[in-house]
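**Student:** I need the structure of the sequence given here:
(chains A and B)
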Amino acid sequence: MERDTHFILGVYDDEDVLLHAVTEVRNSGVKIHEVYSPYPVHGLEHALGYRRSRLPIAAFLFGLLGTSLAITMQVYMLGIDWPMIIGGKNYLAYPDFVPVSFELTVLLAAFGMVGVFMVSSNLKPWALPRIFDARSTDDKHIMAIDIANNSALEQEKIKEILKSSGATEVNNKSFE
Amino acid sequence: MAHHGEQHYNLDQRFDFTAATKKSIMTVLVIGAILLGIGIVLAMTGGHHEEAGEAGGHAFHWYERLYANLWINNVFFTGIAIVGVFFFAIQFAAQAGWSAPLLRVMLSFGNWLPIAGILMIATFFLANHDLFHWTHSYLFDKNDPQYDSIIDGKGAFFYWPMEKGTFPIFYIARMVLFFGFWVFFFNKFKKISAQEDQLGGSSHWFKMRSWSAYFLVFFAVSSSISAWDWVMSIDTHWFSTLFGWYVFASWFVSGLSAITLLTIFLKGRGYLEMVNENHVHDLGKFVFGFSIFWTYLWFSQFLLIYYANIPEETVYYIERLSSDVYGGFIFVNIILNFFLPFLVLMTRDSKRHGVFLKVVCSILLVGHWIDFFLMVQPGTLGHNGGIGFMEVGLFLVYGSAVALVVLGGLAKKNLIAKNHPMLDESYHHHI
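**Tutor:** Numbering: from 1, shown residues only, chains lettered A, B, ... in the order given. Model (predicted):
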């Protein structure tokens, strides 16, 4: 993808400074690509204005799929394909189906949620992660600004905004 | 986003139990009493045509239904009261910080315990044979035609060390012991909390944690045994090994619903301004989670009995499911106590907004009352039971009496444990 190959990076030392900087930078009209931190910063996703994850919806739908799959399977096996009397019950003894239905619901909800998360976060095994600044795995918070996405502003202006928001360094970063 | 700087909340606030609130609760009590009166008159005059010549020539009397109702409400509201204390103790054992401003709300339910204990013991002596089959002395007399070897085998659990069929001293002793200790722990918690208000420091917190641990151990044993004693012994022949947990789960959901409702009520009145949607969210999660826990136990008990199909076990469900009176309520029970909270409280938003919780928790209180109704009435009244004026009336009378006692107790002390060491943490609670 052409447009997100050139970035300006703001480097921050402190999470409190970072949190205020995120709000400040966003208020001055700069669109933030992403913030990379060594540990989860409480309130960061809120400051970045992220919408709530829709992962629970995927979990619910996969759970529903699991329930229907389990019930269909059991009804087919025990009611149609190979009817069998177990413990003097009907062929279709629904209370017996509950544990299996429950387990498959949980299983598919969990697997589906993990799968959807991996796909939506581009976490495929062969994906090469882009390292903006290796220090974001150590002691620095890195705010990445996509230049193409902020064409309305001069690059120098963006750097100035980052500096005044408390960034200790402002760097350029390009990817092949 | 994280909050910065000092919060200035009014920590000396006290719940003002206004005359208007008292009056509206009294109105509910009077309505309940009127309904109860109508129910009693109907039961006295309404011809129970089928009463003669049933089970061993035992005629049905109207007051048996009153006793059964008293017992349902005794057990149900005792549960709510003790769960308030239990949930309070859990907060200390778990070293929870989020709940610090809600501690007194939870503890206030314990105010009902002394009254619940007196009512329970009084009802037992009043109802005796009419509620508990095992109190008949002929069951233990080998020469009597009605001698029952199964109940005789269980007799020591009620009568030890006295002779079986005389005075159930072991049973009564347990009842007195449990209520005695529960009230003792409740008073202990209240006392330590009051001292903390005056002196501050963290030593009271550590003291409370130790006492909470003692209480939880005692409660783990006493809650199970009280469920066998007060509920399972009604169906004397029948037994279920997870019954104690099942009753506890029902109590816990009811208690959590009551705590949530009281919290939302107080917030609506302008108290507890530090309690925000994050705290309410956590209460909602507890209600949601333990509704599923209750369902898990209900279903575990049902499935094993259904699957094994052993007559002495299935009789419990046959008595209920095949009855014209109770059959439908089994499904009402599951719908109100599982499907409704499960589907409504599944989303994050519904747990954060008081209005959903208000509706669901109110329904859960009724739902779990129905659960106890289904535990008590089939074994005591048989097909003479049901939900009528008497049931609704007595439920309202008990409910409003509990509300009066609990709110009265709450109004006596500061609403917030102002020197609780984790109060500041709870202001920043964010999920």
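**Student:** Closest to the centroid, which residue in the chain?
**Tutor:** The chain I'm using is chain A. Taking Cα atoms, centre = their mean, the centroid of chain A lies closest to residue A:121, which sits 5.2 Å from it.
**Student:** Let me rephrase: I mean chain B.
**Tutor:** Taking Cα atoms, centre = their mean, chain B has its central residue at residue B:79, 2.4 Å away.
**Student:** any idea how far it lies from chain A?
**Tutor:** Distance, residue B:79 to chain A, using Cβ to the nearest Cβ, to the nearest Å: 27 Å. Just so you know, the C-beta spots here come from the backbone N, C-alpha and C atoms, and that holds for glycine as well.
**Student:** Nearest residue to that residue in space, please, no chain neighbours.
**Tutor:** residue B:251 (3.1 Å; Cβ to Cβ, 6 or more residues apart in numbering or on different chains).
**Student:** Check residue B:171 too.
**Tutor:** residue B:158 (4.5 Å).
**Student:** Compute the number of surrounding residues for the one you found.
**Tutor:** When neighbours are counted by other Cβ atoms under 10 Å in any protein chain shown, residue B:158 registers 24.
**Student:** any idea which helix or strand carries it?
**Tutor:** Element membership of residue B:158 [criterion: DSSP states H and E] is helix B:156-159.
**Student:** same for that helix, what does it pack against?
**Tutor:** helix B:169-199 (3 or more Cβ pairs under 8 Å, 6 or more residues apart in numbering or on different chains; DSSP states H and E).
**Student:** mean confidence for the helix it packs on?
**Tutor:** Mean per-residue pLDDT for helix B:169-199: 97.
**Student:** now the very next helix or strand once past that helix against helix B:169-199, angle please.
**Tutor:** Sequence-wise, the next helix or strand downstream of helix B:169-199 (DSSP H and E) is helix B:203-230. Counting by axes from the mean of the first three to the mean of the last three Cα atoms, to 10 degrees, helix B:203-230 lies at 160 degrees to helix B:169-199.
**Student:** Wait, the residue nearest to the centre of chain B touches residue B:249, no?
**Tutor:** No. The criterion here is Cβ atoms under 8 Å, and residue B:79 misses it with residue B:249 at 10.2 Å.
**Student:** ok, residue B:368 touching residue B:250?
**Tutor:** Yes. Under the criterion of Cβ under 8 Å, residue B:368 makes contact with residue B:250 at 5.0 Å.
**Student:** who has more neighbours, these two?
**Tutor:** Shown here are residue B:368 and residue B:250; by other Cβ under 10 Å, residue B:250 has more neighbours (29 against 26).
**Student:** Would you enumerate the residues in contact with that one?
**Tutor:** Shown in contact with residue B:250 (Cβ atoms under 8 Å, 6 or more residues apart in numbering or on different chains): B:79, B:294, B:368, B:371-372.
**Student:** Looking at those residues, spot the one nearest residue B:146.
**Tutor:** Nearest to residue B:146 among the contacts of residue B:250 is residue B:372, at 28.9 Å by Cβ to Cβ.
**Student:** For the closest one, give me the pLDDT.
**Tutor:** You'll see residue B:372 listed with a pLDDT of 98.
**Student:** and what of residue B:365?
**Tutor:** 98.
**Student:** same deal with residue B:3?
**Tutor:** 48.
**Student:** same question, residue A:62
**Tutor:** On the pLDDT scale, residue A:62 is placed at 97.
**Student:** Excluding sequence neighbours, find me the nearest residue to it.
**Tutor:** Closest to residue A:62 by Cβ to Cβ, 6+ apart is residue A:112, at 2.7 Å.
**Student:** who in the stretch 251-400 of chain B is up against chain A?
**Tutor:** B:299, B:302-303, B:306-309, B:346-348 (Cβ under 8 Å from any Cβ of the partner chain).
**Student:** show me where pLDDT drops low in chain B?
**Tutor:** B:1-7, B:47-58 (pLDDT under 70).
**Student:** per-domain residue ranges of it.
**Tutor:** Chain B breaks down into these domains under automatic domain parsing: B:19-46+B:59-132+B:172-427, B:136-167.
**Student:** sorry, back to before: where does the residue nearest to the centre of chain B sit relative to residue B:362, distance-wise?
**Tutor:** 17 Å (Cβ to Cβ, to the nearest Å).
**Student:** residues near residue 122, how many?
**Tutor:** Defaulting to chain A. 8.
**Student:** To clarify, I was referring to chain B.
**Tutor:** Other residues near residue B:122 number 12, with proximity taken as other Cβ under 10 Å.
**Student:** and whichever strand or helix holds it, what does it pack onto?
**Tutor:** Here residue B:122, judged by DSSP H and E, is contained in helix B:113-127. For helix B:113-127, the packing partners by 3+ Cβ pairs under 8 Å, 6+ apart come out as helix B:62-93, helix B:169-199.
**Student:** Can you add distance to residue B:422 and give those helices back as JSON lines?
**Tutor:** Shown next, in JSON lines, are the helices and strands packed on helix B:113-127 (distance: least, Cβ to Cβ, whole Å):
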{"stretch": "helix B:62-93", "distance to residue B:422": "9"}
{"stretch": "helix B:169-199", "distance to residue B:422": "12"}
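**Student:** Give me the mean pLDDT for the top helix by length along chain A.
**Tutor:** Longest helix in chain A, counting residues (DSSP state H): helix A:94-120. What helix A:94-120 shows for mean pLDDT is 95.
**Student:** now for it, which elements pack on it?
**Tutor:** By 3+ Cβ pairs under 8 Å, 6+ apart, helix A:94-120 packs against helix A:55-75, helix B:277-308.
**Student:** before we move on, back to that, which residues touch the helix holding residue B:122?
**Tutor:** B:64, B:67-68, B:70-71, B:74-75, B:77-78, B:81-82, B:85, B:131-132, B:172, B:175-176, B:179-180, B:182-183, B:186, B:230, B:401, B:405.
**Student:** which parts of that helix are buried?
**Tutor:** B:113-114, B:116-117, B:119-120, B:123-124, B:127 (16 or more other Cβ atoms under 10 Å in any protein chain shown).
**Student:** circling back: of the contacts of residue B:250, which is the nearest to residue B:420?
**Tutor:** Distance ranking of the contacts of residue B:250 against residue B:420, using Cβ to Cβ, places residue B:79 first at 26.3 Å.
**Student:** Tell me how far the residue nearest to residue A:62 lies from residue A:121.
**Tutor:** Applying Cβ to Cβ to residue A:112 and residue A:121 gives a distance of 15 Å.
**Student:** Check chain A for the residue nearest chain B and tell me.
**Tutor:** residue A:43 (4.1 Å; Cβ to the nearest Cβ).
**Student:** burial count for that residue?
**Tutor:** 15.
**Student:** Now list whatever residues contact both of residue B:368 and residue B:250.
**Tutor:** With Cβ under 8 Å, 6+ apart as the test, residue B:368 and residue B:250 both reach residue B:294.
**Student:** tell me which element residue B:145 falls in.
**Tutor:** With DSSP H and E as the test, residue B:145 turns up in no helix or strand.
**Student:** Residue A:84 and residue A:93, how far apart?
**Tutor:** Taking Cβ to Cβ, one finds residue A:84 at 11 Å from residue A:93.
**Student:** Those two: which has the busier surroundings?
**Tutor:** residue A:93 (17 against 10).
**Student:** Could I get the phi/psi values of the residue nearest to the more buried one when sequence neighbours are not counted?
**Tutor:** Leaving out its chain neighbours, the residue that sits closest to residue A:93 by Cβ to Cβ, 6+ apart is residue A:86, at 7.3 Å. With angles defined as degrees, to the nearest 10, residue A:86 sits at phi -120, psi 120.
**Student:** from memory residue B:12 sits against residue B:419, does it?
**Tutor:** No. In this structure residue B:12 lies outside contact range of residue B:419 using Cβ under 8 Å: 11.3 Å.
**Student:** Tell me the spacing between the closest residue to chain A within the stretch 151-300 of chain B and residue B:309.
**Tutor:** Here the stretch 151-300 of chain B gets closest to chain A at one residue, residue B:299, 6.5 Å apart by Cβ to the nearest Cβ. Residue B:299 sits 16 Å away from residue B:309, taking Cβ to Cβ as the criterion.
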